[in-house]
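> sequence unavailable; structure follows:
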Ligand code: SF4
């Protein structure tokens with residue numbers, strides 16, 4: 001869950017000292033999705049690209065380890081935290097075990113975040129790698145696909161190392177980021193983060 005106090009306390013970035021954001025490459029429009037697309041178009045993330053006082057570092061962990069196109073994969077038996085702890089696996093839709101490759105990708109993403117001194121990660125939710133609020137529990141192509149609360153492997157490793165991760169669906173948090181980047185941006189207080197929307201509350205009973 002997003003730490004809004006952290007976002008409120010972000011410094012005001014300038015052209016010379018831009019806000020350093022790590023973004024899922026697909027969210028920035030790179031065609032690195034499993035099927036060679038950008039997994040759709042997400043204006044909430046694309047909006048950040050043109051600003052001179054923002055520096056976006058794009059990375060696709062799955063492309064790093066498995067190339068594009070590739071099979072779709074999901075976490076079985078837990079969340080990203082469980083994968084990192086050796087209690088859960090990452091399996092492709094055909095049952096191939098990608099756990100080791102996914103952990104390697106997460107370590108690479110963490111190394112990039114540290115090297116670039118990232119101040120905020122904005123990652124694609126639902127992904128077994130990049131998800132931060134909601135991921136699938138098992139195979140997403142199963143007849144009774146199931147969602148769970150939790151982070152994917154790469155987002156979890158970033159969080160464990162002190163990085164703030166939000167998704168393109170955390171609209172309330174993004175409002176705070178937009179206002180930091182552009183002081184003329186009026187914060188829309190009606191926006192909600194993913195864990196605050198009706199679907200999330202109804203599905204998870206929270
Ligand atoms: S691994 Fe992350 S960056 Fe790559 S396609 Fe999936 S969600 Fe996008």
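Looks like it arrived, so ask away. What you see is a predicted model; the values in this text were computed from it and never measured.
> tell me the secondary structure at residue 75.
Using DSSP: H, G, I helix; E, B strand; the rest coil, the structure places residue 75 in strand.
> what's opposite it in the beta bridge?
With DSSP bridges as the criterion, residue 75 is bridged to residue 90.
> tell me the contacts of it?
Residue 75 is in contact with 82, 83, 88, 89, 90, 128, 135, 136, 137, 138, 152, 153, counting by Cβ atoms under 8 Å, 6 or more residues apart in numbering. For glycine as for every other residue, the C-beta is placed from the backbone atoms N, C-alpha and C.
> and the lengthiest helix in the chain, what does it pack against?
Taking DSSP state H as the criterion, the chain has its longest helix at helix 99-115. Where contact means 3 or more Cβ pairs under 8 Å, 6 or more residues apart in numbering; DSSP states H and E, helix 99-115 is packed against strand 19-24, strand 54-59, helix 61-66, helix 80-84, strand 89-92, helix 153-160.
> tell me the most buried of those?
Between these, helix 153-160 has the highest mean count of neighbours, a mean of 26, where neighbours are mean count of other Cβ atoms under 10 Å.
> let me see the mean pLDDT of that one.
The predicted model assigns helix 153-160 a mean pLDDT of 98.
> please apply the same query to stretch 83-94.
Per-residue pLDDT values over stretch 83-94 give a mean of 97.
> report whether it contacts the ligand.
No: using Cβ under 6 Å from any ligand atom, stretch 83-94 stays clear of the ligand, with a minimum separation of 11.2 Å.
> ok, residues contacting that stretch?
Against stretch 83-94 from outside (Cβ under 8 Å, 6+ apart): 71-79, 82, 97-99, 101-103, 106, 128, 139, 141, 153, 156-157, 160.
> so the residue nearest the centre of the chain versus residue 187, what's the distance?
Nearest to the mean C-alpha position of the chain, by Cα atoms, centre = their mean, lies residue 123 at 2.1 Å. Counting by Cβ to Cβ, to the nearest Å, the gap from residue 123 to residue 187 is 22 Å.
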